[in-house]
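**Q** Pasted the sequence and its predicted model underneath.
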Amino acid sequence: MRLGGALFGLVLLACLGLWLVGVRNVDAGAEALPTESGMPYDVFGRVLALRVHAGRVDYTGLASDDEELRRFAATLAEHGPETTPALFPSQADREAWAINAYNASVLLGVLEVWPTRSVHDVSGPLELRPGFGFFYALRFALDGRRQNLYDFENDVVREFGDARVHAAIVCASASCPTLTSEPYLPETLEAQLDAAARAFASEPRHVHITPEAIELSAVYDWFADDFRAHARQLGAGDEVLDWVAHYATPEVARALAAARLAGLPVSYADYDWALNGR
């Protein structure tokens, strides 16, 4: 009897702890789409084409008509490289799935807490760190198991050893890379990732060169090891700036080369966590 009471107390404390930090499951609440012809990226594509314009998301419209996003999310819950490997025979298949799964889950997560002005406004009664309530505490059904966005990014997305993914996954914030109006597809993945990398290495809000400094997005600081490793794979060099120079437009690459020759220091911009809404 005493043992049963102790176990009950431990369970109660555990549940209380999860509630305090805002841990909760995010469910699609819809039926999965058919996959006989492969992953239904066309459905996610319709969502993106309708609700994403120049990287800004119409969350109000998405919240009022979310069935296709939810059905796509339900499909991601049941089908992934681990649960149905036959659907993902190549690395391109698996990498495209991971990028789309992350971006779709972020959209679903925003709907879960809608309305909100920032993903950093999401928290439980006890906020362990900024962003914990969204990136750690929300648990999505993906590939047959529950995963939060932080673990999914680090344990799944980054495992491809391709730093271009940091230009493709979008965390619903103003300083994020641009969310495209189309899904990433296995057959066009290389071209799409190159385009995303070029934008991330060239747009002034991500790479801004002044007479005093080379100012980079904080993403280049957070994932510096990924950018360095990928630069080495490309034969571009050993530094983050080598990766930037490899993908930058010729104009930005020339400005960056001059700034490096002049010995300008590298700084990282403050991240704007305001929602990337319209």
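**A** That came in fine, so what should we check first? Numbering: from 1, shown residues only.
**Q** Pick out the residue nearest the middle of this protein.
**A** With distances taken as CA atoms, centre = their mean, I169 lies nearest the centre of the chain, 3.4 Å away.
**Q** isn't that one right up against N100?
**A** No: shown here, I169 and N100 do not form a contact pair, counting by CB atoms under 8 Å, at 9.5 Å. Bear in mind the C-beta positions are built from the backbone N, C-alpha and C, glycine included.
**Q** circling back to that earlier point, any idea how far the residue nearest to the centre of the chain is from A255?
**A** 27 Å (CB to CB, to the nearest Å).
**Q** residues in contact with V23?
**A** By CB atoms under 8 Å, 6 or more residues apart in numbering, V23 lies in contact with 124, 137, 139.
**Q** got the residues you listed as JSON lines, with secondary structure columns?
**A** What follows is the contacts of V23, written out as JSON lines (DSSP: H, G, I helix; E, B strand; the rest coil):
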{"residue": "G124", "secondary structure": "coil"}
{"residue": "A137", "secondary structure": "coil"}
{"residue": "R139", "secondary structure": "strand"}
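**Q** low-confidence ranges in the stretch 1-150 of the chain?
**A** The stretch 1-150 of the chain contains residues with pLDDT under 70 at 1-21, 125.
**Q** quick one: the strands in it?
**A** Ranges of strands within the stretch 1-150 of the chain are 24-26, 52-53, 56-57, 138-142, 145-147, based on DSSP state E, counting those that start in this stretch.
**Q** buried ones in the biggest helix by length in the chain?
**A** In the chain, taking DSSP state H as the definition, the longest helix is helix 91-113. Across helix 91-113, burial judged by 16 or more other CB atoms under 10 Å covers 92-113.
**Q** Pull the contacting residues for the closest residue in space to V106 that isn't next to it in sequence.
**A** Counting by CB to CB, 6 or more residues apart in numbering, V106 lies nearest to A172, which is 5.1 Å off, once chain neighbours are set aside. By CB under 8 Å, 6+ apart, the residues touching A172 are 57, 106-107, 109-110, 119, 275-276.
**Q** what about 6 Å?
**A** 106, 110, 119, 276 (CB atoms under 6 Å, 6 or more residues apart in numbering).
**Q** Please identify the helix or strand for the residue lying closest to R158 once chain neighbours are set aside.
**A** Nearest residue to R158, sequence neighbours excluded (CB to CB, 6+ apart): D226, at 6.4 Å. Assigned by DSSP states H and E, D226 belongs to helix 224-234.
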